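Here is the input, now give the coordinates:
(one chain, ligands or ions: 1)
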Amino acid sequence: MKRLRRRHLIHAGLALPLLPSGSQGAETPFDAVIIGGGISGLVAAWRLQQAGRRVVVCEARPRVGGRTVNLQIAGGEPIEGGGEWIGPQQDAIIALNEELGLKTFPAFYDGDTTYDVLGRVSRGLIPDIGVGDAAGFARVAWKLNRLATAIPRGSSWQAADAAALDRLTLADWLNQQNANPFTHAIFRLATRAILAGYPERISLLWFLHYFGAGGGLLPLMLNDGGAQDQRFEGGSQVLSLTLAERLGSALHLATPVRAIRQRTDHADIVTARGTLRARRVVIAMMPSDIGRIAVEPGWSRARAELIRRWTLLPRLPIVKCALAYSRPFWRDKGLNGAMQSDRAPIQLIFDNSPADGSAGVLSCFLSIAEAPELADRRTRPERLAREVARYFGPEGLEPIDYVEKDWAADPWSTSCLSPLVPGVISEFGPTLRKPEGRIHFAGTETAEAWCGFMDGAVRAGERAAREVNAALRG
Ligand SMILES: Cc1cc2nc3c(=O)[nH]c(=O)nc-3n(C[C@H](O)[C@H](O)[C@H](O)COP(=O)(O)OP(=O)(O)OC[C@H]3O[C@@H](n4cnc5c(N)ncnc54)[C@H](O)[C@@H]3O)c2cc1C
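Predicted structure coming up:
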């Protein structure tokens, strides 16, 4: 009961511990201040706390979890408004879940997937295409996979031909391979869903970095047995809520950091609620989000440019939506509730029902930039229901509830994903994890494996904690 109450308070943002007021922090500096209460920052803080360090986490939002957030729909189990699935290859997050006693269950994929590719709707394990198209796709995918797994994992800029690979977009490379229209469509489908961008803009080296960090194309793109295999019992935010419980009063919610002033023997961290003093600082967020924090002395030229370029990325603004039904009606028709498309207004639909299937939930990703007809929030549920009905039948027209999370409208995440354009990762990649004075960097984008995923966030947090521990010992 006590645990539940604490969890509720953290979620509601009411458990605000007091910070020292005025411009001066505590006399004895903290060992580390961690900026960002997403998975990465919380993991870094907890590992440091376990090592006996005095830490504080400053989180801007009145909740933990960052790009993971639980939403309530139709009064049932929470569903995921952000990061959702984990896969069997993601051993860092699996180990952490075991340590924290968290449980997962298999996402639902029994039955046919629906594809809307090149304007044609088909159903099955794979899209309905001719043998020639399939063979053409397999040839190109195999070559791309070989490239992705050959570059140094998580350090693509160290590849011998990094600069050349980073001059091309993924579409340039596909054209060089004489890829057929079906192959172009599948990579458009994948980059829309996984990187919020198009092959014509995404750097080939970044695509290889991202997929290579996950072990290749298959582990990332497969549902069953791949990165979309399992869901968290209680929704993915449960990971952050559990870490928040462990951190207790070391966690400061609704405390955005505005500036970091590096001094000779400490750093002053200026927050909206006072200034903290620390020996080390960990920034755990996407490079573009770091731009909101002023630093003294300024960032190195390379980091300033990394932040600037990341901020300017041509992202598709993503909304994750969910429609609830009294039952998962699509399952009766032999469908698994999944729809994947290269061009339709909805990028992806998937079965997000509770583990026992007692109600039906279909979640989907869409980008308003691609579907202006869905821009009006008031008519969006009805229009989405029509799309669902188009793929799964007339029962789709009668949802009993609707919720959404609009990541483009979120003030603390500069959108959710990173479609890097050519010329960024080869030149500024070496800066991603490089400390600047007393400041260390976590966040999934810095991860050596599973960059961009929750597993990467865990790894990056653990790596940053090791770095800080070593620096404090030194
Ligand atoms: C729609 C969507 C679907 C996704 N699906 C999956 C999936 O299925 N599987 C998967 O593994 N991953 C998925 N991801 C990615 C996954 O959610 C992220 O990789 C992971 O949550 C990132 O964690 P993080 O701690 O690195 O960063 P974040 O979660 O972004 O945490 C950064 C934190 O810093 C805080 N912050 C920002 N500025 C300040 C400031 N000035 N002061 C203090 N705090 C600040 C933010 O509020 C935030 O809490 C998805 C993401 C989205 C958005």
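
pull the longest strand from this protein.
When the chain is parsed with DSSP state E, its longest strand is strand 274-284.

Please point out which parts of it sit buried.
274-284 (16 or more other C-beta atoms under 10 Å). Using the backbone N, CA and C atoms, a C-beta is placed for each residue, glycine as well.

quick one: it to chain centroid distance?
24 Å (C-alpha atoms, centre = their mean, to the nearest Å).

list the helices and strands that strand packs on?
Other elements packing on strand 274-284 under the criterion 3 or more C-beta pairs under 8 Å, 6 or more residues apart in numbering; DSSP states H and E are strand 30-35, helix 39-50, strand 55-58, strand 267-271, strand 439-442, helix 454-473.

Partner strands of it, with direction?
strand 30-35 (parallel), strand 267-271 (antiparallel), strand 439-442 (parallel) (DSSP bridges).

what's the domain layout of the chain?
2-67+235-299+436-473, 71-88+104-110+227-231+316-409, 131-221 (automatic domain parsing).

JSON lines for the ones you listed, including mean pLDDT and distance to the ligand?
Shown next, in JSON lines, are the domains of the chain (pLDDT from 0 to 100; distance: least, C-beta to the nearest ligand atom, whole Å):
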{"stretch": "domain 2-67+235-299+436-473", "mean pLDDT": "88", "distance to the ligand": "2"}
{"stretch": "domain 71-88+104-110+227-231+316-409", "mean pLDDT": "94", "distance to the ligand": "2"}
{"stretch": "domain 131-221", "mean pLDDT": "94", "distance to the ligand": "9"}
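
could you dump the ones you listed to CSV with distance to residue 427?
Output for these, formatted as CSV (distance: least, C-beta to C-beta, whole Å):
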stretch, distance to residue 427
domain 2-67+235-299+436-473, 13
domain 71-88+104-110+227-231+316-409, 24
domain 131-221, 8
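
which residues touch residue 313?
197, 288, 418-421 (C-beta atoms under 8 Å, 6 or more residues apart in numbering).

Among those, which ones are in helices?
residue 288 (DSSP state H).

Make JSON lines from the strands paired with strand 274-284 and add distance to residue 167 and mean neighbour count to it.
Listed next are the strands paired with strand 274-284 as JSON lines, based on distance: least, C-beta to C-beta, whole Å; neighbours: other C-beta atoms under 10 Å:
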{"stretch": "strand 30-35", "distance to residue 167": "34", "mean neighbour count": "27"}
{"stretch": "strand 267-271", "distance to residue 167": "38", "mean neighbour count": "22"}
{"stretch": "strand 439-442", "distance to residue 167": "26", "mean neighbour count": "26"}
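
how about these in TSV, adding distance to residue 226?
Below are these laid out as TSV (distance: least, C-beta to C-beta, whole Å):
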stretch	distance to residue 226
strand 30-35	31
strand 267-271	39
strand 439-442	25
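
Mind checking these for the one nearest to residue 206?
strand 439-442 (18.0 Å; C-beta to C-beta).

residue of the stretch 301-450 of the chain with the smallest distance to the ligand?
residue 416 (2.8 Å; C-beta to the nearest ligand atom).

quick revisit: which one, of the helices and strands packed on strand 274-284, ends up nearest to residue 356?
helix 454-473 (23.9 Å).

now for the closest one, which elements pack on it?
strand 30-35, helix 39-50, helix 91-100, strand 274-284, strand 439-442.

circling back to that earlier point, now the helices and strands packed on strand 274-284 as a markdown table including distance to residue 364?
Shown next, in a markdown table, are those (distance: least, C-beta to C-beta, whole Å):
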| stretch | distance to residue 364 |
| --- | --- |
| strand 30-35 | 32 |
| helix 39-50 | 23 |
| strand 55-58 | 33 |
| strand 267-271 | 37 |
| strand 439-442 | 30 |
| helix 454-473 | 20 |
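
give the contact list for the residue nearest to residue 49 when sequence neighbours are not counted.
Counting by C-beta to C-beta, 6 or more residues apart in numbering, residue 49 lies nearest to residue 55, which is 5.5 Å off, once chain neighbours are set aside. Applying C-beta under 8 Å, 6+ apart to residue 55 gives the contacts 30-34, 45, 48-49, 247, 250.

hmm, which two among these are most spread apart?
It's 31 and 247 that sit farthest apart of the contacts of residue 55, by C-beta to C-beta, at 13.8 Å.

Would you state the strands of the stretch 151-300 of the chain in chain order?
For the stretch 151-300 of the chain, the strands defined by DSSP state E, counting those that start in this stretch cover 230-232, 251-252, 257-262, 267-271, 274-284, 294-296.

Which helix or strand lies directly C-terminal to the last one?
Tracing the chain past strand 294-296, the next element assigned as helix or strand by DSSP states H and E is helix 301-311.

Quick one: list the elements packing against whichever helix or strand comes after that following helix.
The helix or strand immediately downstream of helix 301-311 is strand 318-325, counting by DSSP H and E. Judged by 3+ C-beta pairs under 8 Å, 6+ apart, strand 318-325 is in contact with strand 360-367, helix 380-392, strand 401-406.

winner for burial among these?
Ranked by mean neighbour count under mean count of other C-beta atoms under 10 Å, those are led by strand 360-367, which reaches a mean of 23.

What segments of the stretch 101-250 of the chain are helices?
Counting by DSSP state H, counting those that start in this stretch, the stretch 101-250 of the chain has these helices, from start to end: 131-150, 162-165, 170-176, 181-195, 204-213, 217-221, 237-247.

So what's the gap between the fifth one and the chain middle?
For helix 204-213, the distance between its averaged C-alpha position and the chain's averaged C-alpha position is 15 Å (C-alpha atoms, centre = their mean).

Send me that helix as CSV with only the CA atoms.
Taking Å, rounded to 0.1, in the frame of the first residue of the first chain, the C-alpha atoms of helix 204-213 are listed here in CSV:
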residue,chain,number,x,y,z
LEU,A,204,23.0,6.1,-45.3
LEU,A,205,25.7,6.1,-42.6
TRP,A,206,23.1,7.0,-39.9
PHE,A,207,20.7,4.3,-41.2
LEU,A,208,23.6,1.8,-40.9
HIS,A,209,24.6,3.2,-37.5
TYR,A,210,21.0,2.8,-36.2
PHE,A,211,20.4,-0.7,-37.6
GLY,A,212,24.0,-1.9,-36.9
ALA,A,213,23.6,-0.8,-33.2
